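Trainee: Compute the structure for the input listed below.
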Amino acid sequence: MKLKTLLTTTAMVVCLAGAAQAKTLVFCSEASPEGFDPALYTAGTTFDASSRTIYNKLVEFERGSTTIRPALAESWSVSDDGLEYTFSLRSGVKFHSNDMFTPTRDMNADDVVFSFERQRLTDNPFHEYVPGAAWEYFNGMSMPALIKEIQKVDDMTVKFVLNRPEAPMIANLAMDFASILSKEYADAMEAAGTPQALNQSPIGTGPFQFQAFQKDAVIRYTTHQDYWDGAAPIDNLVFAITPDSSVRFEKMKAGECHVTLNPNPADLQAMKDHPDINLMQQEGLNVGYLAYNTQVAPYDNPRVRKALNMAINKQAILDAVYQDAGKIASNPIPPTIWSYKADLEDDAYDPAAARAMLAEEGVENLQLKIWAMPVQRPYNPNARRMAEVMQADFAEVGVEVEIVSFEWGEYLARSKELDRDGAVLLGWTGDNGDPDNFLAVLLGCDGVGGSNRAQWCHEPFEDLIQKAKVTSDVAERTALYEQAQVVFKEQAPWATIAHSIVSQPLRKEVQNWKIDPFGGNIFYGVDLAE
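Mentor: Just a heads-up that it's a prediction; the model follows:
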């Protein structure tokens with residue numbers, strides 16, 4: 001069935017069928033991206049609009065799996081001591097063009113070196129080309145300390161020299177922050193006095209070429225006809241930005257979008273029953289949590305944090321928010337990832353004990369702000385409702401809660417602040433299938449002030465995760481990560497809330513869609529029935 005509906009925005013009208021029968025896939029997304037340079041950000045909304053459409057990495061995950069495949073690097077080798085990674089680049093890879101820039105060469109080693117050195121070196125002219133640039137992933141994954149140098153061996157060969165072994169190095173380079181940008185474009189924009197164009201008018205090598213963006217309305221792409229892996233089956237890709245999940249469902253029923261995300265749990269049965277909708281589901285690689293600011297009293301006291309955890313009725317949250325689409329989380333990593341410690345004892349729901357413990361620590365008349373995300377996520381389909389349940393739970397132990405929220409980009413930026421007032425509802429979907437991606441990125445010392453929203457740097461935990469990074473022995477790494485989970489639970493920088501089932505609604509005419517285990521939306525390879 002061809003869609004006949006017109007998608008109307010304040011910027012444009014897109015005919016889904018198209019006069020020339022061009023295939024246009026419309027994705028009802030949930031929010032505007034923060035920008036289009038993925039290395040600057042951590043939000044999946046931003047990655048969907050940038051790294052998963054416009055760019056490539058040296059290596060990438062096969063669509064729908066955790067298996068790594070060659071991408072901009074055709075092959076690679078690792079030295080016996082684990083300190084040198086040498087990548088042979090793919091020849092003939094074409095960059096996009098726009099009104100400001102036409103490339104004069106194919107992708108080469110200069111682009112790879114530039115894409116990482118701007119994150120690594122403080123004297124690089126693009127290190128702070130966006131005000132407040134924090135390179136949150138790069139820093140949170142200890143890359144500045146890990147990488148000794150990045151060498152251009154020749155035009156088509158790049159070598160990463162490390163200061164120590166890094167077991168998940170190849171998997172890390174398949175993540176969004178490792179997207180490869182055009183150095184030639186960067187140089188041209190710097191010369192023109194408009195370096196910010198890298199973040200506003202992106203140029204990449206990926207399957208879709210950026211065309212236009214209207215904040216809170218629409219993003220438009222066309223298929224990159226010279227894509228190194230073959231042009232996508234669809235001709236155009238449109239992101240129709242639609243924050244309300246109920247509205248997204250209505251648009252899908254009306255044929256105004258082909259794909260959407262993060263449905264309300266209450267709508268799942270209706271989606272299953274609808275004749276034009278295909279609801280795909282699978283267990284997610286995720287965790288939803290409440291992160292205390294452990295650098296601000298009284299939340300710098302682990303007993304206070306444990307007491308608050310004991311006040312939270314997780315089953316009530318599961319019933320009210322997830323509605324059979326999740327399970328209670330006791331660990332900071334999901335059960336779908338290796339090294340998950342299945343016998344880790346969760347904090348018991350015990351309001352009386354929680355009240356007594358707070359009193360023992362001299363905490364009275366505590367006023368707590370809970371930050372509730374303004375967007376839905378698979379790991380938290382309704383943060384406001386979750387905060388309301390917690391508000392009632394905490395009231396039972398004498399803690400007064402104020403619920404606050406901000407626009408998504410502001411929420412992410414302000415929640416990083418070291419003196420942040422309150423506990424933040426957030427979550428994480430794994431990026432590379434490695435426990436390091438949860439335990440180091442979200443809870444390691446290098447993530448403080450960035451991806452570590454608990455602002456928690458605890459030496460016994462840090463020692464364990466750093467030891468796990470430098471050994472390639474999976475059994476040894478597993479034992480270290482299991483110990484780290486025990487320390488995490490004792491110290492309670494978070495209240496772990498839930499792991500969710502991921503639900504992906506599609507219209508029936510969408511073909512060859514695969515759920516991304518890392519929570520993304522991957523459009524390359526997707527087709528529409530004639």
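
Trainee: okay, now the nearest residue to Asp155 once chain neighbours are set aside: neighbour count?
Mentor: Of all residues beyond its chain neighbours, the one nearest Asp155 is Asn108 (4.7 Å), with distances taken as CB to CB, 6 or more residues apart in numbering. Any C-beta I mention is one placed from the backbone N, CA and C, and that applies to glycine too. Close neighbours of Asn108, defined as other CB atoms under 10 Å, add up to 19.

Trainee: do you know how far Asn108 is from Phe138?
Mentor: Look at Asn108 and Phe138: by CB to CB, to the nearest Å, they are 22 Å apart.

Trainee: okay but the residue nearest to Asp155 is in contact with Thr157, surely?
Mentor: No. Applying CB atoms under 8 Å as the test, Asn108 and Thr157 come out as separate, 9.7 Å apart.

Trainee: Name the residues contacting each of those two.
Mentor: Leu89 (CB atoms under 8 Å, 6 or more residues apart in numbering).

Trainee: which residues does the residue nearest to Asp155 contact?
Mentor: Taking CB under 8 Å, 6+ apart as the test, what Asn108 contacts is 89, 155-156.

Trainee: do Phe61 as well
Mentor: 67-69, 174, 432, 518.

Trainee: got a winner among those for most neighbours?
Mentor: Phe518 (23 neighbours).

Trainee: Could you double-check that it lies in contact with Asn437?
Mentor: No. Here Phe518 does not reach Asn437: they are 9.2 Å apart, not a contact under CB under 8 Å.

Trainee: which residues do those two both contact?
Mentor: 430-431.

Trainee: In the helix or strand containing Ala356, which residues are buried?
Mentor: Following DSSP states H and E, one finds Ala356 within helix 351-360. Using 16 or more other CB atoms under 10 Å as the burial criterion, the residues of helix 351-360 that qualify are 351, 353-355, 357-358.

Trainee: so where's this protein shaky on pLDDT?
Mentor: Along the chain, the parts satisfying pLDDT under 70 run over 1-20.

Trainee: top helix in the chain by residue count?
Mentor: helix 474-491 (DSSP state H).

Trainee: what helices or strands is that helix leaning on?
Mentor: helix 302-310, helix 436-443, helix 459-469 (3 or more CB pairs under 8 Å, 6 or more residues apart in numbering; DSSP states H and E).

Trainee: With respect to burial, which of these scores highest?
Mentor: Mean neighbour count, computed with mean count of other CB atoms under 10 Å, is highest for helix 436-443 among these, reaching a mean of 26.

Trainee: between that helix and helix 459-469, what angle do the directions make?
Mentor: 150 degrees (axes from the mean of the first three to the mean of the last three CA atoms, to 10 degrees).

Trainee: Point out the other helices and strands that helix 436-443 packs with.
Mentor: The helices and strands touching helix 436-443, judged by 3+ CB pairs under 8 Å, 6+ apart, are helix 136-140, strand 423-429, helix 459-469, helix 474-491.

Trainee: One more pass at 7 Å, please.
Mentor: On a contact count with 3 or more CB pairs under 7 Å, 6 or more residues apart in numbering; DSSP states H and E, helix 436-443 meets helix 459-469, helix 474-491.

Trainee: CA atoms of it as PDB?
Mentor: Output in PDB follows, covering the C-alpha atoms of helix 436-443 (Å, rounded to 0.1, in the frame of the first residue of the first chain):
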ATOM      1  CA  ASP A 436      32.700  -1.100  30.300                       C
ATOM      2  CA  ASN A 437      30.200   1.000  28.400                       C
ATOM      3  CA  PHE A 438      27.900   1.100  31.400                       C
ATOM      4  CA  LEU A 439      30.200   0.800  34.400                       C
ATOM      5  CA  ALA A 440      33.000   3.100  33.200                       C
ATOM      6  CA  VAL A 441      31.100   5.600  31.100                       C
ATOM      7  CA  LEU A 442      28.200   6.100  33.600                       C
ATOM      8  CA  LEU A 443      30.000   5.500  36.900                       C
END
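
Trainee: Report the distance from it to the chain centre.
Mentor: Centroid separation for helix 436-443 versus its chain: 13 Å, with CA atoms, centre = their mean, to the nearest Å.

Trainee: Other residues contacting it?
Mentor: 140-142, 168, 332-333, 428, 430-431, 447, 451-452, 454, 456, 461, 465, 468-469, 481, 484, 488, 493 (CB atoms under 7 Å, 6 or more residues apart in numbering).

Trainee: Which parts of the stretch 301-450 of the chain are strands?
Mentor: For the stretch 301-450 of the chain, strands defined by DSSP state E, counting those that start in this stretch occupy the ranges 326-328, 367-371, 400-404, 423-429.

Trainee: give the contact list for the residue nearest to Ser503 when sequence neighbours are not counted.
Mentor: Of all residues not flanking Ser503 in the chain, Gln281 sits nearest, at 5.0 Å (CB to CB, 6+ apart). With contact set as CB under 7 Å, 6+ apart, Gln281 has these partners: 501-503.

Trainee: Give me the three-state assignment for Gln281.
Mentor: Here Gln281 is recorded as strand under DSSP: H, G, I helix; E, B strand; the rest coil.

Trainee: for Ser91, same thing?
Mentor: Secondary structure state of Ser91, per three-state DSSP, is coil.

Trainee: need the contact list for it.
Mentor: Residues counted as contacts of Ser91 (CB under 7 Å, 6+ apart) are 106, 156.

Trainee: And it, its phi and psi?
Mentor: For Ser91, the backbone dihedrals (degrees, to the nearest 10) come out as phi -90, psi 160.

Trainee: Could you report the separation of it from Ile68?
Mentor: In this view, Ser91 and Ile68 are 21 Å apart by CB to CB.

Trainee: tell me the residue furthest from the middle of the protein?
Mentor: Farthest-out residue of the chain from its mean C-alpha position, per CA atoms, centre = their mean: Glu360, at 39.1 Å.

Trainee: Can you tell me, leaving aside adjacent residues, what's nearest to it?
Mentor: For Glu360, the spatially nearest residue (CB to CB, 6+ apart) is Arg303, at 7.5 Å.

Trainee: Distance of the one you found relative to Gln483?
Mentor: 21 Å.

Trainee: picking up where we left off before, what is the helix holding Ala356 packed up against?
Mentor: helix 302-310.

Trainee: got the angle for the helix it packs on vs strand 367-371?
Mentor: Counting by the same axes, to 10 degrees, helix 302-310 lies at 60 degrees to strand 367-371.

Trainee: hmm, who's touching helix 302-310?
Mentor: Contacts to helix 302-310, defined as CB under 7 Å, 6+ apart, come from residues 292, 298-299, 347-350, 353-354, 357-358, 361, 363, 491-493, 495.

Trainee: For that helix, output the C-alpha coordinates as CSV.
Mentor: C-alpha atoms of helix 302-310 as CSV (Å, rounded to 0.1, in the frame of the first residue of the first chain):
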residue,chain,number,x,y,z
PRO,A,302,26.0,6.3,51.1
ARG,A,303,23.7,5.4,54.0
VAL,A,304,21.4,8.3,53.1
ARG,A,305,21.4,7.1,49.5
LYS,A,306,20.6,3.5,50.7
ALA,A,307,17.8,4.8,52.9
LEU,A,308,16.2,6.7,49.9
ASN,A,309,16.6,3.6,47.8
MET,A,310,14.7,1.6,50.4
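
Trainee: so how many other residues sit close to Val474?
Mentor: So Val474, with other CB under 10 Å, has 11 neighbours.

Trainee: Of all the residues in stretch 118-136, which ones are buried?
Mentor: 118-120, 126, 129-130, 133-136.

Trainee: Mind putting the helices and strands packed on helix 436-443 into CSV with distance to Asp273?
Mentor: Formatted as CSV, the helices and strands packed on helix 436-443 follow (distance: least, CB to CB, whole Å):
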stretch, distance to Asp273
helix 459-469, 45
helix 474-491, 40
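
Trainee: wait, which of the ones you listed is closest to Ile403?
Mentor: When the helices and strands packed on helix 436-443 are ranked by distance to Ile403, counting by CB to CB, first place goes to helix 474-491 at 25.6 Å.
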